[in-house]
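>>> fold the stuff below for me.
(one chain, ligands or ions: 1)
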Amino acid sequence: MKKIWWSWDLRMRWAYGFSQTEESFIANYFHAIDAAKKYGVESIVIWGFLRDAHGGIEAARRIRDYAGDRGISILPGVGIDDYGGVYYAGDSPYSLDTYIRAHPGSQALDEDGTPSTHRWPPTDSGLRLKACPSHEGAINYYIESIEWLLDVFELDGFQIEQGDSGYCFCEKCRTKERIVAAEDKAAAAKYSTSVTDGAERIGKVTRSVLERHPDITILSETYLGLTEKSLAKMGPVLDHYPERIVLSWQLYDAPGYFKIEEGVASPSKHGNAALRTNSDALGGELDDRENIARALRLAKGAGLEMTYIYGEYPDQWPLTRGNYETWAEGAED
Ligand SMILES: [Zn+2]
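Model prediction:
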């Protein structure tokens, strides 16, 4: 399996300072890139790749170049309708905040009618504006933004997500029929992920980008596991996604929570096993080798060709090193 580290800039612990400054951002990723080869990591996903606070385009370019010189590609996190667009935070036309400020009708609404915002991860003090998934005008903006990103940084690919921070409650979105990720009814009504919006929006954007860049890697988050129930949700909308992209299945969350069943096969030609463990987001540092090994066995059985695990913690930490080693070994074909 192809191996990837996934990271939020502001959760990185390889160096001091949580990437809040340019110096810290560069040090965090240079250390991670230096270590990545040991585990056969081919690419690193970076959410918050572009922020004015940590050096904007120039700092991002240094990290991309440092990785490229060592045979590792950088896959920036691209958010559509949430998570900042391609320029996560700053004075840029490619920041989703900038687009929404210029097109106020494009902003998503909370249930009480106030414009929607989102703050994540907890180490981020800034609020990002969220776009309404019924707003068609933003699609071309996303496509143009991604074209800019690929051209400026000469990238081999990116990761893309449509947002997992709750619905838009505008008139159009309220009446739209949607398949949602949550199994629990109360959660499904108020705060979940729209599988339909994700497939429709990401499908449109990535089909267009692939026309000009047919060979890039696009890793797309489904926010679903690989269970019979998940597959029933994805089935009706799967065709929105181009066959060429890699669909990412969140089949394991630490500690010990599996969302993959024995005997279930990937419904997409290209699939990624998202192993969400050993991160500030899920359980902190923990010895999770047994579950990591099991998740990868099941993932291979399902026909997945790629895997990512969080790469935010340094491998000088013994438990983390053990997790990386087990993951790298388990991903061997
Ligand atoms: Zn809406």
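
>>> which strand or helix spans residue 178?
Using DSSP states H and E, residue 178 sits within no helix or strand.

>>> need the pLDDT of residue 168.
Looking at residue 168, its pLDDT reads 93.

>>> what's the answer for the one 10 residues further on, then?
At residue 178 the predicted local confidence, pLDDT, stands at 88.

>>> next: the one 5 residues further on.
Predicted confidence (pLDDT) for residue 183: 81.

>>> find the nearest non-adjacent residue to residue 56, please.
residue 90 (6.0 Å; C-beta to C-beta, 6 or more residues apart in numbering). Backbone N, C-alpha and C define where each C-beta goes, glycine included.

>>> so what's the residue count around that neighbour?
Neighbour count of residue 90, defined by other C-beta atoms under 10 Å: 18.

>>> does it really touch residue 53, like I thought?
Yes. Look at residue 90 against residue 53 with C-beta atoms under 8 Å: they come within range, at 7.4 Å.

>>> quick one: mean pLDDT over stretch 240-256.
Mean pLDDT, computed over stretch 240-256, is 97.

>>> what's the end-to-end length of it?
Start and end residues of stretch 240-256 are separated by 32 Å (C-alpha to C-alpha, to the nearest Å).

>>> so which bits of that stretch are buried?
240-242, 245-254 (16 or more other C-beta atoms under 10 Å).

>>> one more: stretch 117-124?
Neighbour-count burial for stretch 117-124 [16+ other C-beta under 10 Å]: 117, 118, 120, 121, 124.

>>> now do the phi/psi pair for the closest residue to the ion within the stretch 1-150 of the chain.
In the stretch 1-150 of the chain, no residue comes nearer to the ion than residue 132, which is 3.2 Å away by C-beta to the ion. With angles defined as degrees, to the nearest 10, residue 132 sits at phi -80, psi 130.

>>> again, but for residue 214
Torsion angles, degrees, to the nearest 10, at residue 214: phi -70, psi -20.

>>> may I have the residues that are in contact with it?
Under the criterion of C-beta atoms under 8 Å, 6 or more residues apart in numbering, the neighbours of residue 214 are residue 244.

>>> do you know how far it is from the ion?
Distance, residue 214 to the ion, using C-beta to the ion, to the nearest Å: 32 Å.

>>> likewise residue 207?
From residue 207 to the ion the distance is 22 Å (C-beta to the ion).

>>> helix, strand or coil for the residue in the stretch 201-333 of the chain that the ion sits nearest to?
With C-beta to the ion as the measure, residue 201 is the residue of the stretch 201-333 of the chain nearest to the ion, at 11.7 Å. With DSSP: H, G, I helix; E, B strand; the rest coil as the basis, residue 201 sits in helix.

>>> strands of the protein, start to end?
2-8, 41-47, 73-79, 117-118, 128-129, 157-161, 217-221, 246-253, 257-258, 271-276, 306-310 (DSSP state E).

>>> hmm, back to that, contacts only, for the residue of the stretch 201-333 of the chain closest to the ion.
Contacts for residue 201 (C-beta under 8 Å, 6+ apart) come out as 80, 81, 133, 139, 142, 162.

>>> same thing but 7 Å
Residues in contact with residue 201 (C-beta atoms under 7 Å, 6 or more residues apart in numbering) are 80, 81, 133, 162.

>>> and the two most separated of those residues?
Within the contacts of residue 201, 80 and 133 form the most distant pair, 8.7 Å apart (C-beta to C-beta).

>>> hmm, residue 79 is touching residue 87, no?
No. Assessed by C-beta atoms under 7 Å, residue 79 is found out of contact with residue 87, at 10.2 Å.

>>> between the two, which one's more packed in?
residue 87 (25 against 22).

>>> can you give me the buried ones in stretch 321-333?
321, 322, 323, 324, 326, 327, 328, 330, 331.

>>> ignore the last one, stretch 97-114
Residues 97, 98, 99, 100, 106, 107, 108, 109 are the ones in stretch 97-114 that count as buried (16+ other C-beta under 10 Å).

>>> what about the lowest-mean-pLDDT helix or strand in the chain, distance to the chain center?
For the chain, using mean pLDDT, DSSP states H and E, the weakest element among its helices and strands is helix 185-190, scoring a mean of 76. For helix 185-190, the separation from the chain centroid amounts to 23 Å (computed by C-alpha atoms, centre = their mean, to the nearest Å).

>>> next one: stretch 234-243
Averaged C-alpha coordinates place stretch 234-243 at 18 Å from its chain's average position (C-alpha atoms, centre = their mean).

>>> mind listing residues that contact that stretch?
Residues from elsewhere that reach stretch 234-243, judged by C-beta under 7 Å, 6+ apart: 179, 195-196, 199-200, 202-203, 206-207, 210, 220, 222, 224, 247, 267-269.

>>> switch to 8 Å and redo it
With C-beta under 8 Å, 6+ apart as the test, stretch 234-243 has contacts from 179, 195-196, 199-200, 202-204, 206-207, 210, 220, 222, 224, 247, 267-270.

>>> show me just the buried residues among the residues you listed.
Taking 16+ other C-beta under 10 Å as the criterion, what is buried in those is 179, 195-196, 199-200, 202-204, 206, 220, 222, 224, 247, 267-268, 270.
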